[in-house]
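**Student:** kindly return the folded structure for what I paste below:
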Amino acid sequence: MSIRNNLEALASAKTSTTNIPGTCQKWTRDRYLAPSAGDQDGDGDADANDGWRLEPEWARRYDRKPPAGFPIYYKNADGSGFGHRNISKGGGMTRGTDIKDGRYNKGTVGDATIEQVERTMGLVYVGWSLTISGIKIPVANQPTPVPSKTTQVKIGRRHLLRALKRAKANGKKERAAKIQKALDILPKL
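**Tutor:** Coordinates of the predicted model:
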């Protein structure tokens, strides 16, 4: 099954503004187009506790720094209830159901810090996962950093020096002269 990558899921979360109360697990997995986690604990529903239970241990992370676009899990502070899921925006910020501007707001999708979710909803942060409904979340392609001009010149100079050494070693005077000319026009660092 193909699901959305982390940034596509986050983009979907950012466009969502309302929810049916009590459907945080469904809302979260829908951002990824993932199937239901099912009733993993046998309590009669497919809630956030079931979603977390289905995530394999290798995919679970327990630090408080989830990267953007990955699902977060909270358990109820008193050990009862359904738990809660939302999506990390990175930097300790989240997007999820029944919250707006860091305050509980039934039926509204909004932003809050991890701590605000815990405090306003009576939850305890557990962790985040690399999977949703047990399926590995694809990571969006990150742009390849372009080396600075200085680095590019250094790389070019090293390449030309090696080529010059080979040309001289093989007795190719004309080639060595062309390489030397190229070296001479490179900016001095």
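**Student:** list the contacts for the closest residue to Ala176 other than its chain neighbours?
**Tutor:** Excluding the flanking residues, the one nearest Ala176 by Cβ to Cβ, 6 or more residues apart in numbering is Ala167, at 4.0 Å. C-betas here are computed from N, CA, C, even on glycine. Contact analysis of Ala167 by Cβ atoms under 8 Å, 6 or more residues apart in numbering lists 173, 175-176, 179.
**Student:** of those, grab the buried ones for PyMOL.
**Tutor:** Buried members of the contacts of Ala167 can be picked out in PyMOL with the line below, counting by 16 or more other Cβ atoms under 10 Å:
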select buried, resi 176+179
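**Student:** OK, contacts around Gly102?
**Tutor:** Gly102 touches 111-113, 116, 120, counting by Cβ under 8 Å, 6+ apart.
**Student:** re earlier: please report phi then psi for the residue nearest to Ala176.
**Tutor:** Backbone torsions of Ala167, given as degrees, to the nearest 10, read phi -60, psi -40.
**Student:** roughly how far apart are it and Tyr73?
**Tutor:** Note on Ala167: its distance to Tyr73, by Cβ to Cβ, to the nearest Å, is 61 Å.
**Student:** any idea how far the lowest-mean-pLDDT helix or strand in the chain is from the chain center?
**Tutor:** Within the chain, no helix or strand scores below helix 149-169, which has a mean of 82 by mean pLDDT, DSSP states H and E. Helix 149-169 sits 38 Å away from the centroid of its parent chain (Cα atoms, centre = their mean, to the nearest Å).
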